[in-house]
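Asker: The following block contains a protein sequence and its predicted model.
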Amino acid sequence: MSAPIGGQAVLEGVMMRGPSNWAVAVRKPNGQIAEVCRPIESVMKRHWFFRLPVVRGVIALGESLAIGFRALSISAQYAAQEDGADGDGEVETELSRGALFFAFAVAIAFAVMLFKVTPALITNWLPIDTTGWFVIVEGLIRVTLFVLYLSLISLLPDLRRVFQYHAAEHKAINAYEAGEDLTPQTVQRYSLIHPRCGTAFLLWVMVIAIFVFAFFGRPAWYWLIATRVLLLPVIAGIAYELIRFAGKHTDNRLLMTLLAPGLWLQRLTTREPTLDQLEVSIRALREVLALERRDAGPDAKRVEVMA
């Protein structure tokens, strides 16, 4: 395996990324596949500090979210094209930096309020005296909200195709990591579950938070909210190290058993893809692999990639 690869489902397509490049492939309304490729200038290449454990996870998560928003904006523009649009035309415009930052901020604020602040406030209203029970109940409420949220959105018909492309992304990466030929028929045989998936990552963020928050007891409500928000990068960094380790030791049965809940949860955000959808995923993967081979060199810095 020449390069670590991650990805994300977008509207009628898949984004794949490596250490130095990302590519998005989208099925246009006229049936053709459009591709857009962009380089990545990761801050992890600039200084050793950003490649330290935990720190690298925070950086990798932030970069993945930023690239994901850019890929979504590109796929949305292709999806909006008329059915008779020129198949050779490429989307030239993306979200401006301001629009990207606004969308990023709104998404993060929503997630923090729903899955961090809300469980803490609900638990704070309950008649719980001990710190241990407080963080355990808060964690259970947080995980329950997360699972309910995923269960509800998985019922939306409009998201079914996105979840199929999510599975197509996983299958293509699994086949690539196994050294298989990247053809739709071959890739189809592989699992739609991947240890480095963002869904599993988010679940472990919530589980690890229980242990981290236990050190802070049950402070006043304003410090309660502050700790839940300010400690999120630290928790995300720790969760990333766990997911990263799991991705490198998929043959460890004990570790896979420990991580099984995160793998099961992916069943809510994946659906079996069609061969046409796998073709799109493979196109994005082939494109980014070609770019990574071009940019590979003995002096290349290690960059972390989330699946």
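Answerer: Ah, there it is.

Asker: Neighbours of G31, how many?
Answerer: If you count neighbours by other Cβ atoms under 10 Å, G31 ends up with 9. Any C-beta I mention is one placed from the backbone N, CA and C, and that applies to glycine too.

Asker: Now do A300, the pLDDT please.
Answerer: In this model, A300 is scored at 53, pLDDT.

Asker: Could you list the low-pLDDT ranges of the stretch 1-150 of the chain?
Answerer: 1-3, 82-97, 99-100 (pLDDT under 70).

Asker: Could you pull out the helices in it for me?
Answerer: Here the stretch 1-150 of the chain has its helices, by DSSP state H, counting those that start in this stretch, at 55-79, 97-112, 118-125, 131-153.

Asker: Tell me which of those sits most buried.
Answerer: helix 55-79 (a mean of 20; mean count of other Cβ atoms under 10 Å).

Asker: packing partners for it?
Answerer: If you count contacts as 3 or more Cβ pairs under 8 Å, 6 or more residues apart in numbering; DSSP states H and E, helix 55-79 packs onto strand 6-10, strand 13-17, strand 21-27, strand 33-39, helix 97-112, helix 232-248.

Asker: can you redo those as a markdown table with distance to A178?
Answerer: Output for the helices and strands packed on helix 55-79, formatted as a markdown table (distance: least, Cβ to Cβ, whole Å):
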| stretch | distance to A178 |
| --- | --- |
| strand 6-10 | 16 |
| strand 13-17 | 16 |
| strand 21-27 | 21 |
| strand 33-39 | 24 |
| helix 97-112 | 33 |
| helix 232-248 | 13 |
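
Asker: H194: which of these is closest?
Answerer: helix 232-248 (7.9 Å; Cβ to Cβ).

Asker: got the helices of the stretch 1-150 of the chain as TSV, with distance to T183 columns?
Answerer: Output for those, formatted as TSV (distance: least, Cβ to Cβ, whole Å):
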stretch	distance to T183
helix 55-79	23
helix 97-112	35
helix 118-125	45
helix 131-153	31
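
Asker: what's the most buried one of the helices and strands packed on helix 55-79?
Answerer: It is strand 13-17: most buried of the helices and strands packed on helix 55-79 by mean count of other Cβ under 10 Å, with a mean of 31.

Asker: which residues touch that strand?
Answerer: With contact meaning Cβ atoms under 8 Å, 6 or more residues apart in numbering, strand 13-17 is reached by 5-9, 22-27, 40, 64, 67-68, 71, 75, 78, 165, 168-169, 172-173, 280-281, 284-285, 287-288, 305.

Asker: So which residue is smack in the middle of the chain?
Answerer: G198 (3.6 Å; Cα atoms, centre = their mean).

Asker: Next one: that one from A214, what distance?
Answerer: Plainly put, G198 is 25 Å away from A214 if you go by Cβ to Cβ, to the nearest Å.

Asker: again with W22
Answerer: Distance, W22 to A214, using Cβ to Cβ: 38 Å.

Asker: cool, and V229?
Answerer: Taking Cβ to Cβ, one finds V229 at 17 Å from A214.

Asker: Next: L152.
Answerer: 30 Å.

Asker: Count residues in the vicinity of the nearest residue to K116 once chain neighbours are set aside, would you?
Answerer: Spatial nearest neighbour of K116, excluding adjacent residues (Cβ to Cβ, 6 or more residues apart in numbering): R228 at 4.4 Å. Counted with other Cβ under 10 Å, the neighbours of R228 add up to 23.

Asker: show me what contacts R228?
Answerer: Counted by Cβ under 8 Å, 6+ apart, R228 has contacts V112, K116, V117, A120, A209, F213.
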